[in-house]
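> Provided below are the primary sequence and the corresponding predicted coordinates.
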Amino acid sequence: QVQLVESGGGLVQAGGSLRLSCTASGRTLSSYAMGWFRQAPGKEREFVAGINRSGASTYYADSVKGRVTISRDNAKNTVYLQMNSLKPEDTAVYYCAARFSGNIVTPNMYDYSYWGQGTQVTVSS
């Protein structure tokens, strides 16, 4: 079992930045591909960014490309999501997720087995 805990969410003005963290316990994350997803009220959960187990391969949703960077520190069992130039439409609960097939990054939420509880990001205009 992998337990994931997100942190770093909060309230920020449009144009601001936040860095989300996802820390794992129970198992090392180095075997897992990781993804960040988000869900706004009344909307489906959507893919934001993903990274393979080594960190060499990353994948971003078009809506965040150029504004968001996913990274990982396997020694710290932590994955990060650096978000810049935030917009009100980025407001959502952000979730991290782990996928055991660690070399393949996928935007499909059903490919991920473990999920955190989420952290709220609110961007004011």
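Structure received.
> which stretches of the protein have low pLDDT?
Regions of the chain meeting the criterion pLDDT under 70 are absent.
> strands of that one, residue ranges please.
Secondary structure of the chain (DSSP state E): strands located at 3-7, 10-13, 18-25, 33-39, 46-51, 58-60, 68-73, 78-83, 92-99, 114-115, 119-124.
> dump those into a markdown table; add mean neighbour count and distance to Thr106 as well.
Using the backbone N, CA and C atoms, a C-beta is placed for each residue, glycine as well. Output for those, formatted as a markdown table (neighbours: other Cβ atoms under 10 Å; distance: least, Cβ to Cβ, whole Å):
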| stretch | mean neighbour count | distance to Thr106 |
| --- | --- | --- |
| strand 3-7 | 17 | 17 |
| strand 10-13 | 13 | 28 |
| strand 18-25 | 19 | 17 |
| strand 33-39 | 24 | 7 |
| strand 46-51 | 23 | 7 |
| strand 58-60 | 18 | 8 |
| strand 68-73 | 19 | 14 |
| strand 78-83 | 22 | 15 |
| strand 92-99 | 24 | 7 |
| strand 114-115 | 18 | 14 |
| strand 119-124 | 17 | 22 |
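> show me what contacts Tyr94?
By Cβ atoms under 8 Å, 6 or more residues apart in numbering, Tyr94 lies in contact with 6, 9, 20, 36-38, 48, 81, 118-121.
> Leu81 contacts Arg67, correct?
No: distance between Leu81 and Arg67: 10.8 Å, which falls outside the contact criterion (Cβ atoms under 8 Å).
> beta partners for the residue nearest the centre of the chain?
The residue at the geometric middle of the chain, judged as the C-alpha nearest the mean C-alpha position with Cα atoms, centre = their mean, is Trp36 (2.3 Å). Judged by DSSP bridges, the bridge partners of Trp36 are Ala49, Cys96.
> for it, list the residues it contacts.
Counting by Cβ under 8 Å, 6+ apart, Trp36 makes contact with 20, 22, 47-50, 70, 79, 81, 94-97.
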